[in-house]
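Asker: Test case, fold it:
(2 chains)
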Amino acid sequence: MNSSVITFPGSNCDRDMHVALKKFGFKNKMIWHNSVELPKSDIVVLPGGFSYGDYLRCGSMASKSKIMQSVINFAKGGGKVLGICNGFQILVESGLLPGILLRNKYLEFICKNVFVKINNKDNSYFRGIKKKTLELHIAHNEGNYFCSKKQIKEIENNNQIALYYSDERGNIDDNNNPNGSIKNIAGIFNKEKNVLGMMPHPERMIDSSLSGEDGSIFFENLINNLK
Amino acid sequence: MKISVVITLKKDVLDPQGKVIHQTLDGMGFADIKEVRQGKYFEIDTKENDKKKAEEKVEEMCKKLLANLVIENYKIIESQ
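Answerer: Numbers count the residues shown, from 1 in each chain, chains lettered A, B, ... in the order given. The predicted model follows:
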């Protein structure tokens, strides 16, 4: 399985993502944002970080970089595109996903482990995962998912919510909403479910000696589903 | 031609920074404020000298990059 991780100026989780993808069997290539063409890929990953210093709006500049036109075409042709954290912000700014990520409700940078409940397992990202919730790491200042009332209706009708912030047992409520996201949304799909954006970082949870291993569940499952 | 654009958050979008600024101003003694909303201001100096054409171009820039229409409105406030 071939994967490509795009590096933008200011990306800082690109290498962690590379390590994670390699660990679970992907042949990964790092692609600089100024490239025009994507190599043959089974999945393209937009990593976390602070592309372009978060100028203007998080992800807005990166969404206009050269490689993004190829990524958009790849996604429109059904290719799998995964955006983590800043990658999620780039996906909404590029129009591949609806909505936007606003400044966290309580204006603080949040860096901690959270639980997320998997809402939709009928897709290549989560099909086959037995657990109801995963413990993953979040680290962001702008993770407060927002969209119009009309959009949220569409998102719900098309079953596009991928992940909710929850407690360990999967309870979704205000106490388990770290950043003010509407409906506790932590990740969403496009309509076709080939594009996924999520704020939590699975690549930070792949080593039991450093953190947890729920990220390993995600990547192992992903490569099996793509095979 | 220099075009000035102001970008503001739409009414129903939460503006936590505006809220904190409001509270701080309150604390400084400016007690009669109803609400503070924070926005962005751009000055775009363009080679285009035709006012209408320049404004059209800036509108396109707003739609494509400067504003995110899910949460923001833009308004050209001056062209000279």
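Asker: use CA for all of it now, contacts and neighbours both
Answerer: OK.
Asker: Chain A against chain B: which residues are in contact?
Answerer: A:56, A:60-61, A:93, A:99-100, A:103, A:105-107, A:147-148 (Cα under 8 Å from any Cα of the partner chain).
Asker: residues making contact with the lowest-mean-pLDDT helix or strand in chain B?
Answerer: Least confident helix or strand of chain B, by mean pLDDT, DSSP states H and E, is helix B:16-27 with a mean of 92. Helix B:16-27 has contacts (Cα atoms under 8 Å, 6 or more residues apart in numbering or on different chains) with A:103, A:105-107, B:31-33, B:35-38.
Asker: try stretch A:56-64
Answerer: The contact list for stretch A:56-64 (Cα under 8 Å, 6+ apart) reads A:8, A:50-52, A:54-55, A:68, A:86-87, A:89-91, A:93-94, A:142, B:65-66.
Asker: What distance separates the opening and closing residues of it?
Answerer: One end of stretch A:56-64 to the other measures 13 Å (Cα to Cα, to the nearest Å).
Asker: mean confidence score for that stretch?
Answerer: When pLDDT is averaged along stretch A:56-64, the result is 96.
Asker: all strands for chain A, in order.
Answerer: With DSSP state E as the criterion, chain A has strands at A:2-7, A:27-32, A:43-46, A:80-84, A:100-102, A:110-118, A:133-140, A:144-146, A:161-166, A:185-189, A:195-198.
Asker: Would you mind giving the ones you listed as JSON lines with mean neighbour count and mean pLDDT added?
Answerer: Shown next, in JSON lines, are the strands of chain A (neighbours: other Cα atoms under 10 Å in any protein chain shown; pLDDT from 0 to 100):
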{"stretch": "strand A:2-7", "mean neighbour count": "23", "mean pLDDT": "98"}
{"stretch": "strand A:27-32", "mean neighbour count": "18", "mean pLDDT": "98"}
{"stretch": "strand A:43-46", "mean neighbour count": "26", "mean pLDDT": "98"}
{"stretch": "strand A:80-84", "mean neighbour count": "25", "mean pLDDT": "98"}
{"stretch": "strand A:100-102", "mean neighbour count": "25", "mean pLDDT": "96"}
{"stretch": "strand A:110-118", "mean neighbour count": "19", "mean pLDDT": "97"}
{"stretch": "strand A:133-140", "mean neighbour count": "23", "mean pLDDT": "97"}
{"stretch": "strand A:144-146", "mean neighbour count": "23", "mean pLDDT": "97"}
{"stretch": "strand A:161-166", "mean neighbour count": "26", "mean pLDDT": "98"}
{"stretch": "strand A:185-189", "mean neighbour count": "26", "mean pLDDT": "98"}
{"stretch": "strand A:195-198", "mean neighbour count": "26", "mean pLDDT": "98"}
